[in-house]
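Participant: My questions are about this predicted structure, shown below with the sequence.
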Amino acid sequence: MLGTQEYGMKVQKSFVKTNDTASIQCPKCALVKNISVAKFKNTRHTLKTRCSCNNTFLVALDFRRHYRKPTKIIGVYTIIGTPGGGGGQMQVDNISRCGVGFSVSGQHRMIIGQKALLNFRITDRKQTELTRKVIIRRVNSNKIGCEFVNQSQIGKDLGFFLQP
C-alpha cells in the first residue's frame, strides 16, 4: 500500500459500495468520478490517481461492509470466559454496525478469540450507555479490533449514532 511518506501526499479514503464501485473526488477541482474497483476486492489498496485537471492524488479504498465512525469515547472492558481474564479502561477509537476498535494503555493480556464485555456511553443527546459482548478479532500492540457477538441486535440508539 502506498503511504504518505512515499509520495508526500495526503491519502483520502473512499468507501466501496456494494456494487464494487467507489466515488473518487479530486481535492483540487472537486470533480467526482465513479469507478469500478472489483479487481481490488479482498485486498487493501491505495491508488495513485490523476484527474483530468492534471492533479495527482492518493485514494485508499475501504471495502468494509459497514461505515466505521471514528470516536474518542472512554469506557471499560472486561475479559470473560477466561480465569483471571482481567479488564481495564479503554478508549473506543471507532465503531460500526458489526464491531468496535479500541485502544488501551499499558500492559494487557488480550488474545484473538477471547470474549469481552465492553461498556461505554455514545456521544448522542441522551449519552446512551451501551454494554456489548464482543469477540477479539485483531490485536496489534495496544489497538484491539472486536466483532459484536450479536450483530442483529444493534439497537436504534447505536444505529442512529452511526449514520454518517
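Facilitator: Yep, it's here.

Participant: Walk me through the domains of this protein.
Facilitator: Segmentation of the chain into domains, based on automatic domain parsing, reads 4-62, 69-161.

Participant: Now do the first one: distance to the chain's middle.
Facilitator: Here the centre of domain 4-62 is set off from its chain's centre by 18 Å, with CA atoms, centre = their mean, to the nearest Å.

Participant: Mean neighbour count, the domains of the chain: which tops it?
Facilitator: Most buried of these by mean neighbour count (mean count of other CB atoms under 10 Å) is domain 69-161; its value is a mean of 15. Heads up, the C-betas are built off the backbone N, CA and C, glycines and all.

Participant: what mean pLDDT does stretch 61-68 have?
Facilitator: When the per-residue pLDDT values of stretch 61-68 are averaged, the result is 73.

Participant: ok, residues contacting the helix ranked longest in the chain?
Facilitator: Taking DSSP state H as the assignment, the helix of the chain that covers the most residues is helix 156-161. The set of residues that contact helix 156-161 without belonging to it, under CB atoms under 8 Å, 6 or more residues apart in numbering, is Lys69, Ile95, Arg97, Ile122, Thr123, Asp124, Lys126, Thr128, Leu130.

Participant: Would you mind giving those residues as a markdown table with distance to Thr78 added?
Facilitator: Output for the contacts of helix 156-161, formatted as a markdown table (distance: CB to CB, whole Å):
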| residue | distance to Thr78 |
| --- | --- |
| Lys69 | 23 |
| Ile95 | 18 |
| Arg97 | 23 |
| Ile122 | 19 |
| Thr123 | 22 |
| Asp124 | 23 |
| Lys126 | 24 |
| Thr128 | 19 |
| Leu130 | 14 |
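
Participant: Gly87: what's it in contact with?
Facilitator: Applying CB under 8 Å, 6+ apart to Gly87 gives the contacts Val76, Tyr77, Thr78, Ile79, Ala116.

Participant: related to what we said a few turns ago, the contacts of helix 156-161: which two are farthest apart?
Facilitator: In those, two members sit farther apart than any others by CB to CB. They are Arg97 and Lys126, at 19.2 Å.

Participant: who are the neighbours in contact with the most centrally placed residue in the chain?
Facilitator: Within the chain, the residue whose C-alpha comes closest to the C-alpha centroid is Arg68; the distance, by CA atoms, centre = their mean, is 4.2 Å. Arg68 is in contact with Asp62, Asn94, Ile95, Ser96, Gly101, counting by CB under 8 Å, 6+ apart.
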